[in-house]
Every structure is written in structure tokens, then in C-alpha cells.
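Undergrad: Show me the folded form of this:
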Amino acid sequence: MRTNTLHMSFHDLKGYQVTRDCMQIYLEAYAGEQASLVFIAANEAIYNALVHGCRMDPAKRVEIKLSIQNQKRLLLRIQDEGTGLQRIDFASLQKDDYTPDDTALYGESGRGLLIISKVFDRVLVGRESNQLLLIKNFPNG
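TA: Coordinates of the predicted model:
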């Protein structure tokens, strides 16, 4: 199995920006025509880890591991040193008939989780709830 992996960690906004830029280059090289869409959703997840997980505390770290296996499957693991996500039913967000309320659409935050759940095929929260595993299968890989 051929796997290309990007592994980075950061503590602050500057590190997030560098990670985001590297991730965009990586996705453009390996994710094909879905690179832009995957980048938007992955960026939401990583930014959420910094802002909501670590609360922008430079003493806390966000770590990402992004890999694409045989050009068919993308895995993005995000872990932060925060207290973890509240339990969210990502499966209900992924349903085709899910209709967000006005708060989710027009509120100050909340759209990121919807975007993440619509772009990725699977969204798994780790036991400690401060780890997210995002999986995207490429149909023409």
C-alpha cells in the first residue's frame, strides 16, 4: 500500500497558518479534483481544535496527521490538548434530509461541523473526545 503522510503540530495562530498552507499544498498534490472541498472542511476541523479545543492557549498543542492511501482514501487525525468535544451526533448531520436551523446557518459559529460532516464520509470522535478522525473515500482513486 502506498501512503503519503503529512504530520504537523502547532501551538498558536501562526503555526496554524503554516499548517493550513502545507495542508493545502499536500491536498492539491494528492487529493485530485476534491482537494478544494476537502481543504475547506479539514481547515474547519483544525481551526476548531485551536479555537474551541485549546482555546488559543499557546501552552496547548494541536497535532494533525493527514494521509492518503493509494489515492483512494484520505485519513485526517486531529488531536488537541483541550477538554474535548461535547458529544455530537455526526451521523444525523450527514443525512441527506438534515435541515439546519437558523442558528446553525446564520449564527456566529456552528457551520463548521455541518461542513465537516457533509464533506467527509465518516467522522469519528476518540474516547477522550479531544481527537477527531475524518475519513474520505475517493471514488475514482
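Undergrad: Show me the helices in the chain, by range?
TA: 13-30, 35-48, 90-94, 102-106, 111-119 (DSSP state H).
Undergrad: Would you check how far apart Asp57 and Leu134 are?
TA: For Asp57, the distance to Leu134 (CB to CB, to the nearest Å) stands at 23 Å. C-betas here are computed from N, CA, C, even on glycine.
Undergrad: more crowded one of the two?
TA: Each of Asp57 and Leu134 has its neighbours counted (other CB atoms under 10 Å); Leu134 has more, 23 against 14.
Undergrad: give me every residue that touches the residue nearest to Asn130 when sequence neighbours are not counted.
TA: The shortest distance from Asn130 to any non-neighbouring residue, by CB to CB, 6 or more residues apart in numbering, is to Gly84 (4.1 Å). By CB atoms under 8 Å, 6 or more residues apart in numbering, the residues touching Gly84 are Gly53, Glu128, Ser129, Asn130.
Undergrad: Could you do Val38 as well?
TA: Val38 sits next to Leu27, Ala31, Leu74, Val119, Phe120, Lys136 when contact means CB under 8 Å, 6+ apart.
Undergrad: picking that back up, and the helices of the chain, which one is worst for confidence?
TA: For these, mean pLDDT drops lowest on helix 102-106, to a mean of 49.
Undergrad: ok, Val62 touching Arg55?
TA: No - Val62 is beyond contact range of Arg55, at 11.4 Å (criterion: CB atoms under 8 Å).
Undergrad: which of those two has more neighbours?
TA: Val62 (26 against 11).
Undergrad: how many neighbours does Asp21 have?
TA: Here the count is done by other CB under 10 Å, and Asp21 has 10 residues near it.
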